[in-house]
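Colleague: give the three-dimensional model of this entry:
(one chain, ligands or ions: 1)
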Amino acid sequence: MRKQIAAANWKMNNTQEEGTKLLNEIINSDVQVNDNQRVIFAVPFPYLVSANQQLNNRANMFVSAQNCHNKTAGAYTGEVSVDMLASINIQYCVVGHSERREYFSESNQQLAEKVDRCLSKGITPIFCCGEPLTIRENDGQNDYVAVQLNESLFHLDGETIQKVVIAYEPIWAIGTGKTATAAQAQEMHSHIRAVLANQFGDTVAANISILYGGSVKGANANEIFSQPDVDGGLVGGASLIATEFIQIIKALK
Ligand code: 13P
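Modeller: Numbers count the residues shown, from 1 in each chain. Prediction:
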């Protein structure tokens, strides 16, 4: 059965001291994470090791990288490879966040390579997709997202794709306070699952967790997560506030 996941994406926020405090507040709270659920913290690279130590193998909680390079190793100054992530026991990596697609010109082809690199080291890619506002305004979001999935994930086989987590993050809803309605989220998630089913079959599609991201907060998480094809959230701003993220974790199915 597919997992229900609350994933925090800290982006480029928090000093080490702030991050340590935040993580402590969350892991020492009364949150219960059962075996059908996962709580994931995508922290900046410098904190991966210390955050992992802080979690100390706590059941069903994991640290994630926010990015990795698409090449295995070499002269890429400032970059981080999946081998490095695997060598410090990182088990998840966000791939293809819209901010990286936009500010670092990441292409669907490069992202396909990143997905492969991660999977080759047993790291679960949290693969992000989602349309910009202009595409949504012209009702082109379904085709747009299908192309992103096709070009970055459809080279995988049916067994391997089940190791990927997908996050649908409409760009117009990221950091804007303008959340997709629960109905809009469900509509897209069901479309994504249908696209996956068409390529890999119904059973495979039913096993893949699809997270929603874009202005998720404590107050709207319940409604969004209650949708049948929404398997949790990838959370930016609200994941920086312990009480908010705790509420979001508690909203998981
Ligand atoms: P916000 O929750 O701040 O809108 O960010 C969403 C996001 O980009 C998570 O990856």
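Colleague: all helices of the stretch 1-150 of the chain, in order?
Modeller: Assigned by DSSP state H, counting those that start in this stretch, the stretch 1-150 of the chain shows helices spanning 16-27, 48-55, 82-87, 98-103, 108-120, 133-137, 141-153.
Colleague: and these as TSV, adding distance to the ligand and mean pLDDT?
Modeller: (C-beta placed from N, C-alpha, C; glycine too.) Shown next, in TSV, are these (distance: least, C-beta to the nearest ligand atom, whole Å; pLDDT from 0 to 100):
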stretch	distance to the ligand	mean pLDDT
helix 16-27	15	98
helix 48-55	17	97
helix 82-87	18	98
helix 98-103	7	96
helix 108-120	15	98
helix 133-137	14	93
helix 141-153	15	98
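Colleague: and the gap between residue 197 and the ligand?
Modeller: 25 Å (C-beta to the nearest ligand atom, to the nearest Å).
Colleague: for residue 171, same thing?
Modeller: Applying C-beta to the nearest ligand atom to residue 171 and the ligand gives a distance of 9 Å.
Colleague: now that residue: phi and psi?
Modeller: Here is the backbone geometry of residue 171 (degrees, to the nearest 10): phi -60, psi -30.
Colleague: distance check, it against residue 16.
Modeller: Using C-beta to C-beta, to the nearest Å, we find residue 171 at a distance of 30 Å from residue 16.
Colleague: more neighbours: the two, which one.
Modeller: Neighbours were counted for residue 171 and for residue 16 using other C-beta atoms under 10 Å; residue 171 has more, 19 against 13.
Colleague: what residues are up against that one?
Modeller: Going by C-beta atoms under 8 Å, 6 or more residues apart in numbering, residue 171 touches 98, 102, 130, 131, 132, 133.
Colleague: drop anything exposed from the residues you listed.
Modeller: For those, a neighbour count by 16 or more other C-beta atoms under 10 Å gives the buried set as 98, 130, 131, 132.
Colleague: buried residues in stretch 58-67?
Modeller: Buried-residue list, stretch 58-67, by 16+ other C-beta under 10 Å: 61, 62, 63, 64, 65, 66, 67.
Colleague: could you dump that stretch to PDB, C-alpha only?
Modeller: Only the C-alpha atoms of stretch 58-67 are listed here, as PDB (Å, rounded to 0.1, in the frame of the first residue of the first chain):
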ATOM      1  CA  ARG A  58      13.300   7.300  14.800                       C
ATOM      2  CA  ALA A  59      10.700   5.100  13.300                       C
ATOM      3  CA  ASN A  60       9.300   6.300   9.900                       C
ATOM      4  CA  MET A  61      11.200   9.700  10.000                       C
ATOM      5  CA  PHE A  62      13.900  10.400   7.400                       C
ATOM      6  CA  VAL A  63      16.200  13.200   6.200                       C
ATOM      7  CA  SER A  64      16.200  14.100   2.600                       C
ATOM      8  CA  ALA A  65      18.500  16.100   0.300                       C
ATOM      9  CA  GLN A  66      16.900  18.900  -1.700                       C
ATOM     10  CA  ASN A  67      18.900  18.200  -4.800                       C
END
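Colleague: any residue of that stretch up close to the ligand?
Modeller: No - Stretch 58-67 does not reach the ligand (C-beta under 6 Å from any ligand atom); its nearest approach is 8.6 Å.
Colleague: centre of the chain versus that stretch, how much separation?
Modeller: 11 Å (C-alpha atoms, centre = their mean, to the nearest Å).
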